[in-house]
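1. Model the structure of this input:
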Amino acid sequence: MQDAIPCKSACLRIFLTAGESTVVEVDFEGDAEWTVNVTDADELQDIALRALLYRSAGSQNQLSSPEILAEDRKRAFRGTASCEDGSESTLQLELSNAFSWRNPKNVDIIVSPSRRVVGTRCRAHEALADAVANTVTGTYVKRDVELPADWLEIVDVVQASSLQSWEPYLERRSEVAQQAAQSDQPPSRNPRVKTAFFGLPSTEASASEQWLFHGTSAAAAETILRTGFGGDVRHIPSAPQRGGQPGTLFGDGFYFSECSAKADLYAEVTSEGARSGLCCMLLCRVALGRHYVWENLRISKSAISEAMASGQWQSVIGDRERLLRSYREFVVPDGKQAYPEYLIWYRRREVAPLEHWRRRYFGELEQPAPPWEESG
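-> Numbering: from 1, shown residues only. Here you go, the predicted structure:
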């Protein structure tokens, strides 16, 4: 994985509606100068800010207790975040427009470290968070495995940004688009990925870029957000029955799902900290390129491996939905073909006992056709 560009600043513009709050986190190395400014011309456009600095505590993925750098209400802030040994630290900015009953605000944030920015995270804007939440809810479909919940309650949606994985992803996405255009195989048919029907941001069609889920533990998700897909998170297998042992059904690679229900099979309940009791999953941009579709009941890893080695395909879709009414698998051979953009925190929920009784004796209520069938 390539290093992030040294000394590159983190520059963000946050839009806060009246009464809205958000949290921005910037991971950096070295000392850092930071500024927060309300850009609107109205002199009364104040915001509330609380700035916290978390320094590395020495162990992996562990940070010290926070130091309060600022806590005030005004329209412009400036400060310094110092780290004596130059190790990685996290600047957390809690911003609130709670004092305004009608005026939205544009807020510019700049963090300039002496060494480099590792990554940024921000609670997604309300409209975008709603689109992500609707995607999770709309793709929670039951198939051939027992699910750990009846539905998922979205608690928080965090938008992440990491130069360490974004720039290699852009480069690889461009390569995938070129390879797909130069292939002498017939064009891949539209995969009609289920996440495409809920208003998520646009994707790059030339690389067949899709929004796909990836379920994992909170610790693994934090690592992926910082460094991208690779190392210990390489093998994310197709889901076994609950309680079974994972495998790599369609060969080695990075596995993704179009259904939140499928991704939730790999999530783990967080047992400590502020997120105790919650699970998480990632929503990623994935450059599929030309996808090799495996539709046979008997899976041949050697045949799939031979097809991928030909250079004509950039991904594999294991279509278990058509044959078994199960979940489709989306597999890419290179971790740089995926970029984790949203971290979704949620709580597993079950329906009330009375509803369980009703379903047992009277069956499920008739549901409207999902959008991917309505537009088919």
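2. Going by C-alpha atoms from here, please, whenever you check contacts or count neighbours.
-> Fine.
3. After the host helix or strand of residue 330, which helix or strand is next? Please name it.
-> Using DSSP states H and E, residue 330 sits within strand 329-332. Per DSSP H and E, strand 329-332 leads on to strand 338-349 as the next helix or strand towards the C-terminus.
4. Okay, now the unreliable bits of the stretch 51-200 of the chain?
-> The model of the stretch 51-200 of the chain has pLDDT under 70 over residues 57-63, 86, 100-102, 187.
5. And the strands in it?
-> Secondary structure of the stretch 51-200 of the chain by DSSP state E, counting those that start in this stretch: the strands cover 67-74, 76-81, 88-96, 105-113, 116-123, 151-161.
6. For residue 327, find the nearest of the ones you listed.
-> Of all these, strand 151-161 sits nearest to residue 327, with 17.0 Å by Cα to Cα.
7. Remind me what the closest one packs against, helices and strands.
-> For strand 151-161, the packing partners by 3 or more Cα pairs under 8 Å, 6 or more residues apart in numbering; DSSP states H and E come out as strand 116-123, helix 126-138, strand 338-349.
8. Redo these as CSV? Include mean neighbour count and distance to residue 267.
-> Formatted as CSV, the helices and strands packed on strand 151-161 follow (neighbours: other Cα atoms under 10 Å; distance: least, Cα to Cα, whole Å):
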stretch, mean neighbour count, distance to residue 267
strand 116-123, 24, 20
helix 126-138, 19, 14
strand 338-349, 22, 10
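9. circling back: can you redo the strands of the stretch 51-200 of the chain as TSV with distance to residue 176?
-> Shown next, in TSV, are these (distance: least, Cα to Cα, whole Å):
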stretch	distance to residue 176
strand 67-74	44
strand 76-81	40
strand 88-96	33
strand 105-113	33
strand 116-123	25
strand 151-161	21
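10. so how many other residues sit close to residue 328?
-> Residue 328 is flanked by 20 other residues according to other Cα atoms under 10 Å.
11. Correction: the previous question concerned residue 184.
-> Residue 184 has 9 neighbours, counted by other Cα under 10 Å.
12. Can you name the residues that contact it?
-> Going by Cα atoms under 8 Å, 6 or more residues apart in numbering, residue 184 touches residue 312.
13. Now do it against residue 289, distance only.
-> To residue 289, residue 184 is 14 Å away according to Cα to Cα, to the nearest Å.
14. which residue ranges form the helices in the stretch 101-250 of the chain?
-> Remark: helices assigned in the stretch 101-250 of the chain by DSSP state H, counting those that start in this stretch are 126-138, 163-182, 218-227.
15. Quick one: closest of those to residue 339.
-> Among those, the nearest to residue 339 by Cα to Cα is helix 163-182 (6.4 Å).
16. Can you give the contact residues for that closest one?
-> Residues contacting helix 163-182 (Cα under 8 Å, 6+ apart): 1-5, 117-119, 206-208, 226-228, 287-290, 312-314, 336-339.
17. Which members of the residues you listed are classed as buried?
-> 4, 117-119, 206-208, 226-228, 287-290, 312-314, 336-339 (16 or more other Cα atoms under 10 Å).
18. my read: residue 209 touches residue 285, true?
-> Yes - the criterion here is Cα atoms under 8 Å, and residue 209 meets it with residue 285 at 6.4 Å.
19. Which neighbours do the two have in common?
-> residue 203.
20. And residue 36, how far from residue 371?
-> 41 Å.
21. same question, residue 330
-> Distance from residue 330 to residue 371, by Cα to Cα: 20 Å.
22. Ok, residue 124 next?
-> For residue 124, the distance to residue 371 - Cα to Cα - is 24 Å.
23. These two: who's more crowded?
-> Between residue 124 and residue 371, counted using other Cα under 10 Å, residue 124 has the larger neighbour count: 21 against 15.
24. Quick one: residues contacting the more buried one.
-> 157-159.
25. What of residue 16?
-> 22, 96-97, 104-107, 125.
26. ok, what's across the strand from it?
-> Counting by DSSP bridges, residue 16 is bridged to residue 105.
27. now swap in the one 5 residues further on and tell me
-> Beta-bridge pairing of residue 21, defined through DSSP bridges, involves residue 96.
28. Quick check: it vs residue 93, distance?
-> 11 Å.
29. SS state for residue 316?
-> Under DSSP: H, G, I helix; E, B strand; the rest coil, residue 316 falls in the strand class.
30. hang on, the earlier thing: which of the contacts of residue 16 has the largest number of neighbours?
-> residue 97 (24 neighbours).
31. May I have the residues that are in contact with that one?
-> 16-21, 46-48, 104-105.
32. so can I have TSV of the helices of the stretch 101-250 of the chain showing distance to residue 148?
-> Conversion of the helices of the stretch 101-250 of the chain to TSV gives the following (distance: least, Cα to Cα, whole Å):
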stretch	distance to residue 148
helix 126-138	15
helix 163-182	31
helix 218-227	17
